[in-house]
Every structure is written in C-alpha cells, then in structure tokens.
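Asks: Compute the structure for the input listed below.
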Amino acid sequence: MTNLTTLGKSAKSAAQTLATLSTATKNAALLTMANALTENADFILAENEKDLANGRNAGMSESLLDRLALSAERIAAMADGIRQIAALPDPVGEVLHMTKRPNGLKIGKTRVPLGVIAIIYEARPNVTADAAALCLKAGNAVILRGGKEAINSNAAIERVMLQAAIAAGLPEGCMSLVKDTTRESATALMRLNDYVDVIIPRGGAGLIRAVVENATVPAIETGTGNCHVYVDNSADLKMAAEIVINAKTQRPSVCNAQEKLLVHRDVANEFLSTILPQLAEKGVEIRGGDCVRKIYPNAIPVTDDDWKTEYLDLVIAVRIVDSVDTAIAHINEHGSKHSEAIITSDYANSQKFLDQVDAAAVYVNASTRFTDGFEFGFGAEIGISTQKMHARGPMGLSELTTIKYVIYGNGQVR
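Replies: Numbering: from 1, shown residues only. Presented below is the predicted three-dimensional model:
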C-alpha cells in the first residue's frame, strides 16, 4: 500500500532523529502533548461520541462500549499518564555494563531505541496516547493502527498529539495513524519489514493470533488474559472474597480481570455459598461443573472451551480442586501466562505457587488487577507481554529499547 510505504519512510527518517534527541527535548514535547489533550478534550469527546453511536447501532456489547468510551476524566488520566512518562528516567543511553578485555579493548553494553514500532490494537482509544508517549520517550517512532470501531477517536487523539509534538520540536513522522481500517492494511503493516522494526498487537486473542501468525516483522505477543484466582484451604476467606469481587467486577473488560475461580475442596462449600451470590448480585454469570452447581444451583454448566476462554465480560467459570498442585496444573494447562493469584496463609503453598505457575505476573494475596504499567510504577505501558523473549509482563520504557555494544580500542587488531 502506497500510503503505508509513505508512513514507513517518514517514520524511519523520524526514528533516526528521535534516537539522538536529548531527554529534555523529549520530555518537553510530552508535556506539551499532555496539555494539548486536555485543552482539546471537547473535540476528542465529540469524535468519540461518533464511534460510540456507531457501536451502539452495530449492537456492540456494554463491555466493549466501556473500552471504547472516553470522558473528561479518562482524557485527564491519559494526559496524567503522559506526564508520568515524562517524569520517568530515560532508558536511552543507559550503560548496562563495561568490561576490559586482556587485550585492552573496553566493551560496553548500552540501551538504544528499537527504531520504528507498529502497534495494532482494537477499541481502546487511550492506547493511541499511551503507545505514542511511551514510544517517543524511548526514542522510537510509532505507527498506530487501531480498529474501525474507534477510528474517529483515534484520529482526533493522533491529530492533537502530533500537532503538539511537531510544535515542540519533534520530527514529522514521529507518530502516525493508519486510517485505512481494512484487513488488508493490517496485513500490509505486519509485513512492512523495510521500515518497521517490531510490531506489537494489543487486543483480544483473535487479533494477537492473527499478528503472530501473519507478521513477517518481528512481533511481541501481548494481552490475552485468562487470569485465575486460587483460594487455598488456608485462605482468609474474607480477604479472598474482597479480592475475587475486585478482580472480577471492578473492570471486567480488561486483560488483567479475573476470568476463572479455583477453590480448594476443604473450603468450597463455605466460600462458594457466600461469594457466588455476591458475584451474581453484581451481574456476573456463574459457570461451573456438577460440584459447583450442587452448592450454587443457578450456575450454568461449564464446557471444556470455557477453561481457555478470555470473557472480557461479567462471566466467570468456577472449579473445585483438591490441592494447590491441582490448581497449579490447571492454570499451567489453561492459562494464558498473563496474571495468576493465590489466596493463602500457608507460606509453603505461596512459594510453590510463585515458583511453579508459568505466568508473567504471579500474586500472593492480591488482585490480578494490579498487572498494569501505572500500578507497577512504569507510567502507562505499551501492553502486557505474555511471551518470554525480549520482554515479559507490563512493557514500560526499558522494554521499548534494545542494546548496542560499544567497543573502545587503541589500535588493537586480531
């Protein structure tokens, strides 16, 4: 696609300039961009309302409409996130180590930007601001490709931020939005190897799978959150109830929300007879097997597919297990390697869970909802990596860099 080639060339040129900009210049630009978002909130909200109206007309679910919706408060939060990124240490130029070889060569390892990062995402317009700010602070140019559901919102945010960035001294092409939302444009972006250094999908399992399977550009797998909370037989059940309610209902449409509840058989009757009616009162659909439905007859029969499903909605599947080992085995078989939690007073069980559960973030006595760049102190994050190469967990500034070896000599030859 000619337009993508043009965006790619412009981004690659901008990336060369961004890689050498001072921290002060980048920070000043980010603060200008943050202010521009709040100053233009009315314009952004008007464009967002167009997307919401289209979504309602298309029968979009309430959980997806929630992901799409902006408000003055959410725009202010986006701006605050950018300010927090500006306040964070700049990873570019950080010297990771320096060694001296017997021949006198000094070999150092330093952080440098990745270059041009492409982000493919769905109906969350805040990603436009978060991704751009993180990429720019780490010295990268960014090409954004959101879904058709949020095209008006994304275009408004990109327009406001880009104008502010250029006015503050960043190069044209530092950020751009692919306005063609067809499948063809997504596929073409995934294969723009001449200009794009890495592509990162943010969205549901289908989007992530499409990128991983079709991209020729190196991809970082992020996002799918089939997250579990396991309530051990030694758990403080009051604490467990508070964590489960929070992890499932506080914001069910995001990837760090709880999707599955595992409960030790010794406390199953006491705990489930209390927590499941509480969840139901909050609109949660309960799914479970025969043992769960004996305790809570209103539960819908669970299917094999449920155990691997990321609902992103007010739905939860429940299983009664015989031990922490059974819980760990279930999570490692069905989980998405995102975020998993154990509620327990048994130190040995907590350590076994931490050691043996295969996930990017593993919690003891806390909600999975904390797997987030802001909550981890990174500012906004580019996504939650569920793979093991290069980056894992919330991807902040350091994860948007690579390394370069620098070698100092005084005439050495081999």
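
Asks: Neighbours of T6, how many?
Replies: 13 (other Cβ atoms under 10 Å). C-beta coordinates here come from the backbone N, C-alpha and C atoms, glycine included.

Asks: Make 802 the starting number, not 1.
Replies: Right, with 802 as the first residue, what we last looked at is T807.

Asks: element containing it, please.
Replies: helix 803-819 (DSSP states H and E).

Asks: and that helix, average pLDDT?
Replies: Averaged over helix 803-819, pLDDT sits at 94.

Asks: What is the subsequent helix or strand relative to it?
Replies: Next element after helix 803-819 (DSSP H and E): helix 824-840.

Asks: could you say what helices and strands that next one packs with?
Replies: Helix 824-840 sits against helix 873-888, helix 927-938, helix 952-968, with contacts defined as 3 or more Cβ pairs under 8 Å, 6 or more residues apart in numbering; DSSP states H and E.

Asks: I'd like the next helix or strand past it.
Replies: helix 842-858.

Asks: The helix or strand hosting E1060 pairs with which strands, and in what direction?
Replies: E1060 belongs to strand 1059-1065 when elements are defined using DSSP H and E. According to DSSP bridges, strand 1059-1065 forms sheet pairs with strand 1028-1032 (parallel), strand 1116-1122 (parallel).

Asks: need these in a markdown table with mean pLDDT and distance to I1132, can you?
Replies: Formatted as a markdown table, these follow (pLDDT from 0 to 100; distance: least, Cβ to Cβ, whole Å):
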| stretch | mean pLDDT | distance to I1132 |
| --- | --- | --- |
| strand 1028-1032 | 98 | 5 |
| strand 1116-1122 | 98 | 10 |
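
Asks: deepest of the ones you listed, which one?
Replies: strand 1028-1032 (a mean of 28; mean count of other Cβ atoms under 10 Å).

Asks: got the CA positions of that one in PDB?
Replies: Extracted in PDB, the C-alpha atoms of strand 1028-1032 (Å, rounded to 0.1, in the frame of the first residue of the first chain):
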ATOM      1  CA  CYS A1028      -6.500 -15.000  34.700                       C
ATOM      2  CA  HIS A1029      -7.100 -17.200  37.700                       C
ATOM      3  CA  VAL A1030      -7.600 -16.700  41.400                       C
ATOM      4  CA  TYR A1031      -7.000 -19.800  43.500                       C
ATOM      5  CA  VAL A1032      -8.400 -19.800  47.000                       C
END
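
Asks: Show me what that strand is in contact with.
Replies: For strand 1028-1032, the external contacting residues (Cβ atoms under 8 Å, 6 or more residues apart in numbering) are 1038, 1041, 1044-1045, 1048, 1056-1065, 1068, 1072, 1122, 1125, 1128, 1131-1132, 1136-1137, 1139-1144, 1154, 1169.

Asks: what do you get if the cut-off is 7 Å, keeping everything else the same?
Replies: 1041, 1044-1045, 1048, 1057-1065, 1068, 1072, 1128, 1132, 1136, 1139-1144, 1169 (Cβ atoms under 7 Å, 6 or more residues apart in numbering).

Asks: tell me what the following helix or strand past the strand holding E1060 is packed against?
Replies: Following strand 1059-1065 in sequence order, the next helix or strand is helix 1066-1082 (DSSP H and E). Judged by 3 or more Cβ pairs under 7 Å, 6 or more residues apart in numbering; DSSP states H and E, the packing partners of helix 1066-1082 are helix 1038-1050, strand 1086-1089, helix 1091-1096, strand 1116-1122.

Asks: can you rerun that using 8 Å?
Replies: Packed next to helix 1066-1082, using 3+ Cβ pairs under 8 Å, 6+ apart, are helix 1038-1050, strand 1059-1065, strand 1086-1089, helix 1091-1096, strand 1116-1122.

Asks: so of the ones you listed, which one's packed in deepest?
Replies: strand 1059-1065 (a mean of 26).

Asks: Can you give the distance of the helix holding T807 from its chain's centre?
Replies: 25 Å (Cα atoms, centre = their mean, to the nearest Å).

Asks: So for it, what gets flagged as buried?
Replies: 805, 808-809, 811-816, 818-819 (16 or more other Cβ atoms under 10 Å).

Asks: Identify the farthest-apart pair in those.
Replies: For the buried residues of helix 803-819, the farthest-apart pair by Cβ to Cβ is L805 and T818; their separation is 20.7 Å.

Asks: wait, which of the helices and strands packed on helix 824-840 is closest to A1006?
Replies: Here helix 927-938 is closest among those (Cβ to Cβ), at 16.9 Å.

Asks: Okay, now the sheet partners of the helix or strand just after the closest one, with direction.
Replies: Heading C-terminal from helix 927-938, the first helix or strand you meet, by DSSP H and E, is strand 942-946. Next to strand 942-946 in the sheet, as set by DSSP bridges, lie strand 917-922 (parallel), strand 976-978 (parallel).

Asks: Tell me the gap between strand 942-946 and the middle of its chain.
Replies: On Cα atoms, centre = their mean, the centre of strand 942-946 falls 16 Å from the chain's centre.

Asks: relative to helix 952-968, how tilted is that strand?
Replies: 170 degrees (axes from the mean of the first three to the mean of the last three Cα atoms, to 10 degrees).

Asks: Can you pull out the residues in contact with strand 942-946?
Replies: Contacts for strand 942-946 (Cβ under 8 Å, 6+ apart): 808-809, 812-813, 815-816, 819, 916-922, 928-929, 932-933, 936-937, 955, 959, 974-979, 982, 986-987, 990, 997.

Asks: for stretch 1064-1077, same thing?
Replies: 1031-1034, 1036, 1038, 1041-1042, 1045-1046, 1062, 1087, 1092-1093, 1096-1097, 1100, 1119-1125, 1128.

Asks: Buried residues of that stretch, list them for me.
Replies: Those would be 1064-1065, 1068-1069, 1072-1073, 1076-1077, for stretch 1064-1077 by 16+ other Cβ under 10 Å.
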